[in-house]
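Peer 1: Got a predicted structure plus its sequence, pasted below:
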Amino acid sequence: MMKISAPELEIAVLVLGMVILMVEAFAAKIDKRILAFAGIGGLAIIFLASFFVAPFPSPNQATGFWSFYTADRLSIFFKQFALLATILVLVMMIDYAPVVRRSFPGSQDGLGEFFAVPIFTCAGLMYLVSAIDFVFIFVAIELVTISFYVLVSFTRRNPVTLEAGTKYLVLSALSTAFLVYGIAWIFGVTGQTNLHRLTEALANPATDRGAALLGMVFVLVALGFKIAAVPFQIWVPDVYQGAPTPVTAYLSVASKAAGFVVLLRVLVPFLTLPQTQRVIVLIALLTLIYGNLAALPQANLKRLLAYSSIAHAGYLLIGVVCFDVRAVTFYLVAYLLMTLLSFAVLIIVAQHTGEEISDFDGLGRRSPFLAFAMLIGMVSLAGVPFTAGFLGKFYIFYAAILQRQIALVVVGVITVGCGFYYYLKVVRAMYWQSTTNSSKIPVNGLSRLAISVLVIATIWLGVYPQPIFDALKR
Amino acid sequence: MVLVVVFCPIITAILIMVGAPARKTALGASILTFAAALFLLISFDQGTNNFQHVTSFTISPEWRLSFTTGIDGLSLMMVLLASIVTLAAVWFAGTIERYENAFYACLLFISGGAIGAFASIDLFFFYAFHELALIPTFLLIGIWGSGNRVAAAWKITIYLAIGSFVLLLGLILLYQSFPPVWRSFDIRALQIGAAQGQIAAEAQRHVYLLLLIGFGILISLFPFHTWAPEAYASAPAPAAMLHAGVLKKFGLYGLLRVAIPLLPEGARHWAGLLVVLLLGNIIYVGLVTIAQKRLDWMLGYSSVMHMGYIFLGIASAGILGVTGAAVLMFAHGLSIALLFALAGELRQRTGTLVFDDLGGLARVMPFAGLAFGFGAFAAIGLPGLANFAGEIMIFFGSFKNGWAMDRFHIFQIATVLALWGVVISTVYMLRAYRKTFMGTVNERWKELVDLRPALRLPVALLVAALLCYGFFPQSFVRMIAPKFRTYLTANR
């Protein structure tokens, strides 16, 4: 069998990104959407190749490259996750291209970068999920964040987008500062940045635990920003609403997933400290309550999905509290499917009507296919059985009950009830409400394929979740 | 064959969504389902206590999760009920003006979900199938409902969503309260484990309480009942038939299938609480029912009230009471479906269900009056109709209940009070009958026509089933009682 080592995947992604940038720079005349197709094709090949990568977890005493990079099963799984998310986001970007083009009147300028930058983000995400050293974590996070600075404010003539970009830039920089500060504390106390050696150092009774804990809290603040946990969620609604929609989708899926993987890795050394779990329980409770309650009155679907993204961070944090890696992973996969599904439909519909929930009125009549896809997305986000979203919640609650996290479970059930209300609001608009406009909304072939695949995958994983667990075990 | 019964409605619903002719396909599918259920009844082997026609697909070996379907006496009875009511509901639905395809697809999804839950031996799918009905119910009430449909649709959906998540927690806790080697989603394996005492008494108490609240919300146990009357009053008649007649029985079925056999200690511990709550259903909701001024609300409340009797049978945890609960479950499903069907037909013809506007309708609609009479008398519990058999067994069973007499005199008091419930239901049913069908005909209704012959068939089907099991309840009791005997004696 072909042997590919894990770092070659990232190198391939980076090379792909650079080639696309070069082509965009020197072939000004071509239809820029070709670049997106090239990106999708290239990433798809790398995605397939990633299944031939044998896991190679770094040994504890590794030095050099392997002391900050690991290729364990979890990281390979999430590399595939990042690749898949990027491919789907590129598909959405093709649908979104007319909007970008409108914001640069008279030329195709910028479209090429719009398709190329996500590929670099993808490389950053892939590095991030492999990182086991604080220095490397920092570098990978910066690669992701800086490319998001560009993407979030891409349609910069739009004042809302510009505001979103500025907010993201400022708060992201702040969180970076927290991260560095936290790393400095941890390094100062233990003299280590590698997570394996950090575990050993913290087990040593001579270490000053209080100072290490302070560092951990700072790191947690920075990661809380990435995963949109309360109270570090302030940026989320405005940035999600203002950013170009495919970027919002990317931000809410890929960036969050990578954040959770890093969180799971970073927490391992600190789990011996009892305070850690209490802090995360508190954050999880706040995130659940805030995300779900704030989502209730939203009338703009994009903003609703922003709050729902916070709410889902809350459920994921329940999994983190219980430290059930498999539950968190499955939830992230389910979240990827259903969120990208919702955003894909939103992008197509929004170009014809708008982003308000009321713009979806009568969609069931106008475009049964899009309405059905949105229905599946919404019921999956709400957690109805036979969808991936339900099984995600099932495993999370299973872990929570096993550890008798009563507060989290009680709050979780109440917030699930809230979730049913605000997700079904969209369903209500699509099927109950009638509209005067009855023209069909066109869907291009690639999007139709992508949406169909997402619908089928959402239902398939809701009935047969085993493939995900097998992939983690392999 | 069980798979046919389960998937026929669901696959048909998908076909209808894709574009198959709605009414014909739905009718064909429900006839096919009914025929398959009858076949299961005929080929049912009464000699064995085990599940029959078992098919199993493994989903996750490490969780011991598999898609397993099969039937025993109890689930066969429920499947039969579901298929009868589905056939009647689809037949009754007629032509729908808006989104006809979606309407029939939703109906069949509810039916398929209910049948799937009844036929599942695996706890996970037992739960999941029931939830399949949630969104269709929301849409049915929201799009085609009448009256205060928006509020009713939200209320039922949020209530049932929270109820089923509480139930989910209960089921997860149940799974976890077994030692790891015994953990399984297969009800049969769990029963073997429970019979060997693998669940600690304290765990049983916790799990039972969660299941009681979770199932209780789904069954409209007092004080979680407020969603039911409003939803049933607003829902289109076929949806109310299916929901009140079949889907609500899921919770009762769950208590009989999961809570009673697996958690005897929990049941014993919370019997006092359950008795108080069910008296709330019978007495309080009964009095509320008397106060209703509209036929649809009256029927909605009466269906909540009758749940109290079934709870009484379940709470008694004796062979007689539990069997009675199962029989009444079946009978109530038929009678309430009949009543909702006729009420829906009246609403369509007259445009109102306020008692004061109606009157004397039996003169212009004799067949509807006769059929409503059968339904009303069945609901009261008149001998000769199926409900009587169930109620009498429940009353005797709970008066002389399975546990020590000296400790549980609360059951004797409860039975006495519950018997007054019969009087209450007589009052409201007869009053409703008098106000709707007796007296002088209002001028406005002189021109009304009786049910078309085509619509008389499903009504006749329901009445025939009520009479059939009213006179021969033993044909059912023979099928279900042996299983309950093993349930109730295994844990002593």
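Peer 2: On my side now, so go ahead. What you are looking at is a predicted structure, and each value in this text was computed from that prediction instead of being measured. Numbering: from 1, shown residues only, chains lettered A, B, ... in the order given.
Peer 1: Next, count neighbours for whichever residue of the stretch 151-300 of chain A sits closest to chain B.
Peer 2: Here the residue of the stretch 151-300 of chain A nearest chain B is A:Leu296; by C-beta to the nearest C-beta that distance is 11.4 Å. Just so you know, the C-beta spots here come from the backbone N, C-alpha and C atoms, and that holds for glycine as well. Close neighbours of A:Leu296, defined as other C-beta atoms under 10 Å in any protein chain shown, add up to 13.
Peer 1: Then A:Pro467?
Peer 2: By the measure other C-beta under 10 Å, the count of residues near A:Pro467 is 11.
Peer 1: next one: B:Leu419
Peer 2: Using other C-beta under 10 Å, B:Leu419 is surrounded by 13 other residues.
Peer 1: For chain B, what is the nearest residue in the stretch 201-350 of chain A?
Peer 2: A:Arg326 (10.4 Å).
Peer 1: ok, and the closest non-adjacent residue to the closest residue to chain B within the stretch 351-474 of chain A?
Peer 2: Nearest residue of the stretch 351-474 of chain A to chain B (C-beta to the nearest C-beta) works out as A:Pro385 at 3.5 Å. Taking C-beta to C-beta, 6 or more residues apart in numbering or on different chains as the measure, A:Pro385 lies nearest to B:Ala128, with 3.5 Å between them; neighbours along the chain are not counted.
Peer 1: go on, B:Leu15?
Peer 2: When the adjacent residues along the chain are set aside, B:Leu15 lies closest to B:Thr25, with 6.2 Å between them (C-beta to C-beta, 6+ apart).
Peer 1: Go ahead and list the helix or strand containing A:Ala257.
Peer 2: With secondary structure defined by DSSP states H and E, A:Ala257 is part of helix A:256-270.
Peer 1: could you say what helices and strands the helix or strand just after that helix packs with?
Peer 2: With elements assigned by DSSP H and E, the helix or strand that comes after helix A:256-270 is helix A:274-295. Using 3 or more C-beta pairs under 8 Å, 6 or more residues apart in numbering or on different chains; DSSP states H and E as the contact criterion, the secondary-structure elements in contact with helix A:274-295 are helix A:209-227, helix A:256-270, helix A:301-321, helix A:406-431.
Peer 1: Alpha carbons only: can I get helix A:274-295 in CSV?
Peer 2: Extracted in CSV, the C-alpha atoms of helix A:274-295 (Å, rounded to 0.1, in the frame of the first residue of the first chain):
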residue,chain,number,x,y,z
PRO,A,274,-9.4,19.7,40.4
GLN,A,275,-10.2,23.4,39.7
THR,A,276,-9.9,22.9,36.0
GLN,A,277,-13.2,20.9,35.7
ARG,A,278,-15.1,23.4,37.8
VAL,A,279,-14.0,26.3,35.6
ILE,A,280,-15.2,24.4,32.5
VAL,A,281,-18.5,23.4,34.1
LEU,A,282,-19.2,27.0,34.8
ILE,A,283,-18.3,28.1,31.3
ALA,A,284,-20.4,25.4,29.8
LEU,A,285,-23.4,26.4,31.9
LEU,A,286,-23.1,30.0,30.9
THR,A,287,-22.6,29.2,27.3
LEU,A,288,-25.6,26.9,27.2
ILE,A,289,-27.9,29.4,28.9
TYR,A,290,-26.7,32.5,27.0
GLY,A,291,-26.5,30.9,23.6
ASN,A,292,-30.0,29.4,23.7
LEU,A,293,-31.8,32.2,25.4
ALA,A,294,-30.3,34.9,23.2
ALA,A,295,-31.2,32.9,20.1
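Peer 1: the inter-axis angle of that helix versus helix A:256-270?
Peer 2: 160 degrees (axes from the mean of the first three to the mean of the last three C-alpha atoms, to 10 degrees).
Peer 1: Now do the buried residues in helix A:274-295.
Peer 2: Applying a neighbour-count criterion of 16 or more other C-beta atoms under 10 Å in any protein chain shown, the buried positions in helix A:274-295 are A:276-277, A:279-281, A:283-292, A:294-295.
Peer 1: Which residue would be the closest one in chain B to chain A?
Peer 2: Here the residue of chain B nearest chain A is B:Ala128; by C-beta to the nearest C-beta that distance is 3.5 Å.
Peer 1: what residues does whichever strand or helix holds B:Ala239 touch?
Peer 2: Assessed by DSSP H and E, B:Ala239 sits inside helix B:237-242. For helix B:237-242, the surrounding residues in contact (C-beta atoms under 8 Å, 6 or more residues apart in numbering or on different chains) are B:85-86, B:88-90, B:92-93, B:106-107, B:110-111, B:114, B:137, B:140-141, B:144, B:231-232, B:296, B:300, B:336-337, B:340-341, B:343-345, B:347-348.
Peer 1: Please apply the same query to stretch B:346-357.
Peer 2: B:146, B:237, B:293-296, B:343, B:358, B:361, B:368, B:432, B:435-436, B:442, B:444-445, B:448-449.
Peer 1: can you check stretch A:186-206 too?
Peer 2: Counting by C-beta under 8 Å, 6+ apart, stretch A:186-206 makes contact with A:58, A:60, A:67-68, A:132-135, A:183, A:207-209, A:211-212, A:215-216, A:219, A:265-266, A:268-270, A:272-273, all of which sit outside it.
Peer 1: which of these are buried?
Peer 2: Applying 16+ other C-beta under 10 Å to these, the neighbour count classes A:58, A:67-68, A:132-134, A:183, A:207, A:212, A:215-216, A:219, A:265-266, A:269-270, A:273 as buried.
Peer 1: Next up, the contacts around residue 220.
Peer 2: In the absence of a named chain, chain A is used. Residues in contact with A:Leu220 (C-beta under 8 Å, 6+ apart) are A:182, A:263, A:279-280, A:283.
Peer 1: Please refer instead to chain B.
Peer 2: The contact partners of B:Ser220, by C-beta under 8 Å, 6+ apart, come to B:227-228, B:248, B:281, B:303-304, B:307.
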